[in-house]
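S.K.: sequence and predicted structure below; questions after.
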Amino acid sequence: MHEISIAGAIVDAVIDTAKKNNAQKVEEVFIEIGELTALNTHQLKFIFDTITRGTVAEGAKYNIKVINPLIECNRCHYEGRIEYFGKLHFFLPVIKCPACNETNVDVIAGRECCIRKIKIS
Ligand SMILES: [Zn+2]
């Protein structure tokens, strides 16, 4: 359950930004989350709703965009999507090249967790 600490950090940043801009209310928050973070977006939204009670961000709408993982292979220079391992609800932390099975790959996308935009009023 690392959702709680991450949601807390996001909410802190949102409230901080809202205050700096003299916002009355945070209307909408746009967030991008890489699939490799294995964050549960439903849990995140639930935590956002809970911990923003009584703050300027109470009742804000959360748009969470999940970013697909992209890798670059250090052996065959394949660049693109990865293959999924294991079962539906389980994500093995092993990432390898779908073209040559090399595990020495660079992750170009899929590990981000950032706030893209905040709509205030
Ligand atoms: Zn490869």
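M.R.: Yep, it's here. Numbers count the residues shown, from 1 in each chain.

S.K.: give the residue spans of the protein that score low on pLDDT.
M.R.: Counting by pLDDT under 70, the chain contains low-confidence residues at 1, 84-94.

S.K.: show me which residues of it sit near the ion.
M.R.: With C-beta under 5 Å from the ion as the criterion, the chain meets the ion at residues 73, 75-76, 78, 97, 99-100, 102. Placement of C-beta: from N, CA and C, glycine included.

S.K.: sec struct for the residue nearest the centre of the chain, please.
M.R.: Centre of the chain computed as the mean C-alpha position; nearest residue by C-alpha atoms, centre = their mean is I33, 1.8 Å away. State at I33, reduced to three classes by DSSP: H, G, I helix; E, B strand; the rest coil: strand.

S.K.: other residues contacting the helix ranked longest in the chain?
M.R.: The residue-count maximum for a helix in the chain (DSSP state H) belongs to helix 3-20. Residues lying outside helix 3-20 but in contact with it, judged by C-beta atoms under 8 Å, 6 or more residues apart in numbering, are 25-26, 29, 31, 37, 39-40, 43-44, 47-48, 51-52, 55-57, 60, 113, 115, 118, 120.

S.K.: before we move on, what about stretch 97-111?
M.R.: With contact meaning C-beta under 8 Å, 6+ apart, stretch 97-111 is reached by 34-37, 67-76, 78-83, 94-96.

S.K.: and those residues, which of them are buried?
M.R.: Neighbour-count burial (16 or more other C-beta atoms under 10 Å) is assigned, among the contacts of stretch 97-111, to 34-37, 67, 69-71, 73, 78, 82, 95-96.

S.K.: pull the most distant pair out of the residues you listed.
M.R.: T37 and Y78 (22.6 Å; C-beta to C-beta).

S.K.: what sits against the residue nearest to the centre of the chain?
M.R.: Taking C-beta under 8 Å, 6+ apart, one finds 39, 41, 44, 64-67, 112-113 in contact with I33.
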